[in-house]
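Engineer: Please find the sequence and the predicted model below.
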Amino acid sequence: MSAAATTGTYSPAAAAGEKRRERKEELRRHLAEDADWPRADGRSFHDCRPAFMQTGPTTAASGSAYAEFGKTKVIVSVFGPRESKKAMMYSDIGRLNCNVSYTTFATPIRGQFAFSFQGTDNKEYSAMLHKTLEGAVMLHTFPKTTVDVFALVLESGGSDLPIIISCASLALADAGIMMYDLVTSVSVSCFGKNIIIDPTSDEEAWQDGSLLVAYMPARKEITQLTLTGEWSDGKITNAVELCMDACSKLCDILRELLKDASSLAE
Amino acid sequence: MEYVNLLTGFRVDGRRPNEMRQLKGEVGVVARADGSALFEMGNTRVIAAVYGPREVQNKGQQVNSKEALVRCEYRMADFSTGDRRRKPKGDRRSTEISLVIRQTMEASILTHLMPRSQIDIFVQVLQADAGTRAACINAATLALADAGIPMRDIVTSCSAGYLCSTPLLDLNYIEDSAGGPDVTVGILAKMDKVTLLQVTKYHELLLIAASFRTPLVLSSIHTNSITTILHTMCSLVKHFSCHLYPEGHCFL
Amino acid sequence: MVGLSVGEKHFIRGGIAQDLRADGRRRLQFRAISVETGVIPQANGSARVRLGATEVIASVKAELGKPSILHPDKGKVSIFVDCSPTAAPMFEGRGSEEFSAELSVALQRCLLGGKSGAGAAIDLSSLIVVDGKVCWDLYIDGLVVSSDGNLLDALAAAIKVALSDTGIPKVNVSLSAATDEEPEVDVSDEEFLQFDTSSVPVIVTLTKVGKHYIVDATSEEESQMSSAVSVSVNRHGQICGLTKRGGAGLDPSVVFDMISVAKHVGQQFISVLDSEIAAAEAAE
């Protein structure tokens, strides 16, 4: 580790940078081979990480859910519907308030999201979460009131936003908030010609492009779609269909989970 | 540094000590506002927009229901200064200038004619090359006139400074950052009344107490010349508003 | 916001359904665009774009900085948008922050490409001066002066024009023997390098009102939207970014249809913009 040696003190940022560059080289070498190489964690291109989801981790909230996809760990609590703040104007439909925050230990470098990205990343994700959920929640069923959705990322391991979205819709269902359908979300990264699903943070850091789909399988509606990088028409169609398929499967799992939870409660 | 050439008497940008920078104004630049104006003094360029008179949005801010509530916000674009810096909104300087503009304009607006209503003046600095205060007030006047808001008189403003033992009118950025004293004056031109007088580096002014009158007088004389220019523009506005309101708000 | 009566809403929706909008345009027709370059002399490049009553200013400033550890061979570009309260009283104080952030994020997504730098509007490796030591940091600032809908498209167009107006000073680096030391940099104030802006995309926002979608919506039309999809398209017909606004979900087939329409309209918009840029440069 020459960078650390010359400076004399150990700097995690520099060391991490060096290490990540090595990993990037490895990733690029794989790409050159252009085959369905097993990814760093042994998955193939179109495999999601093993997921663990559960409802009801926080008892104080009206509904909550915990999701773990590989290293990414997210907890979402839903409060309400409760009275809107006094300063709010009268509204005959309900309000949805979304907030996404990161713990200081969520990233390899402490507080990377909490400090350097404060005001952008968290706010960006909060706004995205709101836009994704507002089309699914039946806001007219709770006029004059607010539902608060608080998401906390315990550990960031890639594909944070899609996991937050899926976890939030599970928490909303747990809280008994009326929804048209469960919203599930999956993202893909693109590397040259290849599309890989559910990328880890390493893969996200070197991706050529990304695509996120939030989908309501029962209504066959896309509630959110974002895309970065350069894409051709055909590739978008493939990627969106891949995501939609994964979303439907994830939704089935969530539904089973909710059924189990309610039968257990009885 | 030599701000005034000893031989020729010319300033760094080639102006004479009592010469203003190039002035340019345009009304109706923001389509959706009730009144708007772009005003340029040399490289200083500001846009003002007026919304109102309209219903008071926040009843708590209304102090006197018999008079219109005048509000003002001054904002600088991120790219307006030479070195780009993202400033937090509502810092001390902006708050102070907002207050100055609000008070100056309020003195000229016939607020008692518009009870229970609110007038918003928004000033956006596109380019700052010293004298933004004065430029903002001139722009705000034009925008208010464009909005057809009844006023006692047109408020005009200009700054002046004192460098190299010479009173200088309408400082540019180089002269402004030289650290000499400067004054900003706003006057009601026809009524010949001063509505704004701000002095910075007052102690230095005291040191050159003898010259105190000079920059001040110079400044107010030349605000009169801005007045003539503004008046020609305002007569255009008036012409325009006469078509809109045949009975006319005769504020000029 | 926009206050419309039931009759006016009906008129707008009806007009869109019949392919004749309130201002006489067809569904996929832009408003008249006017372009002016060099409006902010203090910046390296700047432009003002008017799209009907919408007016935005974009400025590009370049400053020397240090490349990040992860990308030692690339410069940095940041995009910020501010909405002036002159455009609408609701942007007063902190009122514009949320909306400005939304616009900034959408522009970053559409112009900066993937994390690896693929598909970026500007070739980031062209901003490097000395590998790992010195690079240009480009600050792109957008300012909304007057707002009548379709701000995102106008901002993207203004940024494209401003970039084509941008000259980056030529830099001479004196090579010192010790590689660890900071290299001495001599910034020329006479020679400027121009960007290759041919791959900078434009953004086309398709606003869905009722069953149909329209381009370049005015504020009144935007108030009637169920959802909107902004697609950024470059000259080669590649999609460089996409964002969706509005809560209502969209059928996947509609999304694909919107993308192909946006691609077609985007190509026309690029050629209109290119001729406007040429005219603005000739006028200078």
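Structural biologist: Thanks, I have it.
Engineer: what's the closest non-adjacent residue to the residue of the stretch 151-284 of chain C found nearest chain A?
Structural biologist: Per C-beta to the nearest C-beta, residue C:249 is where the stretch 151-284 of chain C lies closest to chain A, at 2.8 Å. Glycine gets a C-beta too; all of them are placed from N, C-alpha and C. Using C-beta to C-beta, 6 or more residues apart in numbering or on different chains and skipping residues adjacent in sequence, the residue nearest residue C:249 is residue A:221, 2.8 Å away.
Engineer: Could I get the pLDDT score of the one you found?
Structural biologist: Note for residue A:221: predicted pLDDT of 92.
Engineer: can you list contacts of the least confident helix or strand in chain C by mean pLDDT?
Structural biologist: In chain C, no helix or strand scores lower on mean pLDDT, DSSP states H and E than strand C:184-194, which sits at a mean of 79. The set of residues external to strand C:184-194 that reach it, using C-beta atoms under 8 Å, 6 or more residues apart in numbering or on different chains, is C:64, C:129, C:134, C:164, C:166-174, C:176.
Engineer: Then stretch C:263-276?
Structural biologist: A:233, C:28, C:30, C:33-35, C:157, C:160-161, C:201-202, C:204, C:215, C:231-235, C:237, C:239.
Engineer: can you list the residues of the stretch 51-200 of chain B near chain C?
Structural biologist: B:51, B:57, B:73, B:75, B:77-82, B:84, B:86, B:89-90, B:120, B:122-124, B:126-127 (C-beta under 8 Å from any C-beta of the partner chain).
Engineer: and with 6 Å instead?
Structural biologist: B:51, B:73, B:77-79, B:82, B:84, B:120, B:122, B:124 (C-beta under 6 Å from any C-beta of the partner chain).
Engineer: Show me which pair in those residues is furthest apart.
Structural biologist: B:51 and B:82 (31.2 Å; C-beta to C-beta).
Engineer: Among those two, which residue is more densely surrounded?
Structural biologist: Taking neighbours as other C-beta atoms under 10 Å in any protein chain shown, residue B:51 and residue B:82 compare with residue B:51 leading, 25 against 13.
Engineer: unless I'm mixing things up, residue C:100 is touching residue C:82, no?
Structural biologist: Yes. Judged on C-beta atoms under 6 Å, residue C:100 makes contact with residue C:82 at a distance of 5.5 Å.
Engineer: quick one, which of the two is more surrounded?
Structural biologist: Using other C-beta under 10 Å as the criterion, residue C:100 and residue C:82 rank with residue C:82 on top: 22 against 19.
Engineer: pLDDT averaged over the strand or helix carrying the more buried one - what is it?
Structural biologist: Residue C:82 is part of strand C:76-83 when elements are defined by DSSP states H and E. Across strand C:76-83, the average pLDDT comes to 91.
Engineer: hmm, that strand in reach of chain A?
Structural biologist: No. Judged by C-beta under 6 Å from any C-beta, strand C:76-83 makes no contact with chain A; its nearest approach is 10.3 Å.
Engineer: ok, that strand: who's next to it in the sheet?
Structural biologist: Paired strands of strand C:76-83, with direction, are strand C:134-146 (parallel) (DSSP bridges).
Engineer: what angle sits between the strand it pairs with and strand C:184-194?
Structural biologist: Between strand C:134-146 and strand C:184-194, the angle comes out at 50 degrees (axes from the mean of the first three to the mean of the last three C-alpha atoms, to 10 degrees).
Engineer: any idea of the mean pLDDT for strand C:134-146?
Structural biologist: The model assigns strand C:134-146 a mean pLDDT of 92.
Engineer: Now do whichever helix or strand comes after it against strand C:76-83, angle only.
Structural biologist: Downstream of strand C:134-146, the next assigned helix or strand under DSSP H and E is helix C:151-165. Inter-element angle recorded for helix C:151-165 and strand C:76-83: 130 degrees (by the same axes, to 10 degrees).
Engineer: elements contacting helix C:151-165?
Structural biologist: strand C:45-51, strand C:54-65, strand C:134-146, strand C:202-209, helix C:252-283 (3 or more C-beta pairs under 6 Å, 6 or more residues apart in numbering or on different chains; DSSP states H and E).
Engineer: can you rerun that using 7 Å?
Structural biologist: strand C:33-37, strand C:45-51, strand C:54-65, helix C:97-111, strand C:134-146, strand C:202-209, helix C:252-283 (3 or more C-beta pairs under 7 Å, 6 or more residues apart in numbering or on different chains; DSSP states H and E).
Engineer: Would you map the helices across chain A?
Structural biologist: Using DSSP state H, the helices assigned to chain A run over residues A:2-7, A:12-33, A:121-134, A:160-174, A:201-205, A:233-265.
Engineer: tell me which parts of the stretch 1-150 of chain C are close to chain A?
Structural biologist: C:69-70, C:101-102, C:105, C:109, C:113-116, C:118-119 (C-beta under 7 Å from any C-beta of the partner chain).
Engineer: And those residues, which is closest to chain B?
Structural biologist: residue C:101 (12.7 Å).
Engineer: Now for the closest one: which residues touch it?
Structural biologist: Contacts here follow C-beta atoms under 7 Å, 6 or more residues apart in numbering or on different chains; on that basis residue C:101 touches residue A:123.
Engineer: how far away is it from residue B:119?
Structural biologist: Note on residue C:101: its distance to residue B:119, by C-beta to C-beta, to the nearest Å, is 29 Å.
Engineer: where are the low-confidence patches of the stretch 101-250 of chain A?
Structural biologist: A:110-121 (pLDDT under 70).
Engineer: My error: substitute the stretch 151-252 of chain B in the last question.
Structural biologist: Ranges of the stretch 151-252 of chain B meeting pLDDT under 70: B:201-252.
Engineer: State the distance from the residue in it that chain A sits nearest to to residue B:43.
Structural biologist: Going by C-beta to the nearest C-beta, chain A is nearest to residue B:173 of the stretch 151-252 of chain B, at 31.2 Å. Distance, residue B:173 to residue B:43, using C-beta to C-beta: 8 Å.
Engineer: Need the residues touching each of the two.
Structural biologist: By C-beta under 7 Å, 6+ apart, the residues touching both residue B:173 and residue B:43 are residue B:129.
Engineer: surely residue A:65 meets residue A:171?
Structural biologist: Yes. Taking contacts as C-beta atoms under 7 Å, residue A:65 lies within contact range of residue A:171: 4.0 Å.
Engineer: Need the residues touching each of those two.
Structural biologist: Common neighbours of residue A:65 and residue A:171 (C-beta under 7 Å, 6+ apart) are residue A:76.
Engineer: Now do the same for the closest residue to residue B:70 other than its chain neighbours: helix, strand or coil?
Structural biologist: Spatial nearest neighbour of residue B:70, excluding adjacent residues (C-beta to C-beta, 6+ apart): residue B:106 at 4.5 Å. Following DSSP: H, G, I helix; E, B strand; the rest coil, we place residue B:106 in the helix state.
Engineer: Can you pull the residues of the stretch 51-200 of chain A lying near chain C?
Structural biologist: Counting by C-beta under 7 Å from any C-beta, the stretch 51-200 of chain A sits next to chain C at A:123-124, A:127, A:131, A:134-135.
Engineer: Alright, calling it a day.
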